[in-house]
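Q: just to be clear, the model below is a prediction. Sequence and coordinates:
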Amino acid sequence: MRRALVGGLAGGLVILALLVVVDGMLGFKRGIEMKRLPDERIVYAFLGEHVTEPGRFVFNPELLPDQRFPSDDPIFAVQYSGLGHDDAGQEVVLGIVVAFMAPFVGAWLLVNASSRVLSRYRLRVLFLAGIGVVVALLGTTARFGINSYPLGDAVALGLHDLASWVLAGLVVAWVVRPAKARGESRAG
């Protein structure tokens, strides 16, 4: 359990550093998730008046006379969480908790993996990267769709998640080693 805790803490620190640099300083996710409209004030005023409850709203084109939607007309989605700028701290706290819990779960799974996986650093990294692939694929498919992100943005966000898992995996795999290997490295 101690190895899982230390590995999870180390992996969480790596993910937190990645988030600070890539998202905070370079604005990667902000560029995808917070695009601006030229007439933003008009749209904001309209939405502020008409969207009064939290939810996800989808706007379809008008139906054709045969009761189907035009195939080439766009579909728009608006999401309102019910939160304002004063509530942003809650989102940061949740992000930090997830940044530490995810590598802890990965480290715990790794600690309980077979001795063959634990025997080699490369296999430990691949084990955690495999978890990252699953997370990225599930995250990408959940982020792509008619009322979600365009495919390119969804893939970019999935690669972001995968990179987080791989970088954290490098550290977690270094911390979570078989007990024998850890004893030899201290002696030698």
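A: That came in fine, so what should we check first?
Q: which residue sits closest to the one residue sitting closest to the centre of the chain, ignoring its sequence neighbours?
A: Geometric centre of the chain, nearest residue: residue 161, 5.0 Å, by CA atoms, centre = their mean. The shortest distance from residue 161 to any non-neighbouring residue, by CB to CB, 6 or more residues apart in numbering, is to residue 136 (4.5 Å). C-betas here are computed from N, CA, C, even on glycine.
Q: show me the contacts for that neighbour.
A: Shown in contact with residue 136 (CB atoms under 8 Å, 6 or more residues apart in numbering): 158, 159, 161, 162, 165.
Q: quick one: it is in a helix?
A: Yes - judged by DSSP: H, G, I helix; E, B strand; the rest coil, residue 136 forms part of a helix.
Q: follow-up on the earlier one: my read: the residue nearest to the centre of the chain touches residue 141, true?
A: No - shown here, residue 161 and residue 141 do not form a contact pair, counting by CB atoms under 8 Å, at 12.0 Å.
Q: most distant residue from the middle of the chain?
A: The chain, farthest from centre, CA atoms, centre = their mean: residue 65 at 42.2 Å.
Q: assign that one to helix, strand or coil.
A: coil.
Q: tell me the pLDDT of it.
A: At residue 65, the pLDDT value in this model is 89.
Q: and what of residue 147?
A: On the pLDDT scale, residue 147 gets 66.
Q: contacts for stretch 18-31?
A: Contacts of stretch 18-31 (CB under 8 Å, 6+ apart): 95, 99, 156, 157, 160, 163, 164, 167.
Q: end-to-end on that stretch?
A: Terminal residues of stretch 18-31 are spaced 16 Å apart (CA to CA, to the nearest Å).
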